[in-house]
Structure formats: C-alpha cells, structure tokens
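[1] sequence unknown, structure follows:
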Ligand SMILES: Nc1ncnc2c1ncn2[C@@H]1O[C@H](COP(=O)(O)OP(=O)(O)OP(=O)(O)O)[C@@H](O)[C@H]1O
Ligand SMILES: [Mg+2]
C-alpha cells in the first residue's frame, strides 16, 4: 500500500495525518511500522508522550531507501514514513511499495 501525505508548506498537518492514518490502519488489523524520517522527530516524541502501542523507529537518514526494506522485512504490511525529503521518495517505492511519505 502506498499512501502519501505531502505538502510543500510547513504546518499543514502532514505529521498529524500520518499519525492518525497509522493508528487507523493498525485498528483495521494492518501490521504498521511508523518510520520517523523527520530530523525534527516530532512523531517519535508524540509516541513517547502518548505511550503509543505502535512501533516507531527513528530513521532521519538519506540512506532510508537502502535500509528500510531490511527493517520492515516480512513483519509489517505498512510502513508510515514521516517527513521524507523528496530526494528520498524514489527509494521508498523500491523498498517494497509498502511505504508512505
Ligand atoms: N485536523 C486538524 N485540526 C486542527 N489542528 C490540527 C489538525 N491537524 C493538525 N493540526 C495542528 O496543526 C499544527 C501543525 O500540524 P503538524 O505538525 O501535523 O504539521 P506538519 O505539516 O507536520 O508541520 P511541519 O511542516 O512543521 O512538519 C499542530 O499544532 C497540529 O496540532
Ligand atoms: Mg511534521
């Protein structure tokens, strides 16, 4: 599944939308991994503060497209990647098509 939450403008609910989508998909039985690729690490902080039951990994690296497939493996159906720089997005498709940005 490929979902994209994107907007060039800041403060337009990209992270909030990704957080709600991740939870909605998990409630529907998807095995969701949240990948926080945002150097601001907003979603990582939210997950800690709210004690999310969803797994969240921080991966603010330009090598995300190389490393993501091994992280996701067969354990997750959906990876919700937050705030991925546009130059990294092409790699996400190669990482199993289970990603969103
Ligand atoms: N549906 C909504 N209704 C009201 N407020 C919202 C809604 N979605 C997000 N917000 C608020 O808008 C602000 C910006 O949201 P968010 O951090 O998700 O945006 P962002 O696009 O990820 O920002 P950034 O570009 O800084 O990463 C936050 O204070 C958030 O609580
Ligand atoms: Mg954000």
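    Cool, got the structure. Quick caveat: nothing in here was measured; it's all calculated off a predicted structure. Ligands and ions are numbered 1, 2, ... in the order given.
[2] C-alpha only now, for contacts and for neighbours.
    OK.
[3] now the helices for the protein?
    Assigned by DSSP state H, the chain shows helices spanning 14-27, 42-50, 64-72, 86-94.
[4] Looking at those helices, which is nearest to ligand 1?
    helix 14-27 (3.6 Å; CA to the nearest ligand atom).
[5] Pipe the helices of the chain into TSV and attach mean pLDDT and mean neighbour count per row.
    Formatted as TSV, the helices of the chain follow (pLDDT from 0 to 100; neighbours: other CA atoms under 10 Å):
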stretch	mean pLDDT	mean neighbour count
helix 14-27	91	17
helix 42-50	94	14
helix 64-72	78	17
helix 86-94	48	15
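[6] For those, please prepare TSV with the additional fields distance to residue 7.
    Listed next are these as TSV, based on distance: least, CA to CA, whole Å:
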stretch	distance to residue 7
helix 14-27	7
helix 42-50	16
helix 64-72	20
helix 86-94	11
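[7] how about these in CSV, adding distance to ligand 1?
    Shown next, in CSV, are the helices of the chain (distance: least, CA to the nearest ligand atom, whole Å):
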stretch, distance to ligand 1
helix 14-27, 4
helix 42-50, 7
helix 64-72, 18
helix 86-94, 13
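[8] Looking at those helices, which is nearest to residue 5?
    helix 14-27 (5.7 Å; CA to CA).
[9] So which elements touch that closest one?
    Applying 3 or more CA pairs under 8 Å, 6 or more residues apart in numbering; DSSP states H and E, one finds that helix 14-27 contacts strand 32-36, helix 42-50, strand 78-82.
[10] could you dump these to a markdown table with distance to residue 60?
    What follows is the helices and strands packed on helix 14-27, written out as a markdown table (distance: least, CA to CA, whole Å):
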| stretch | distance to residue 60 |
| --- | --- |
| strand 32-36 | 7 |
| helix 42-50 | 11 |
| strand 78-82 | 9 |
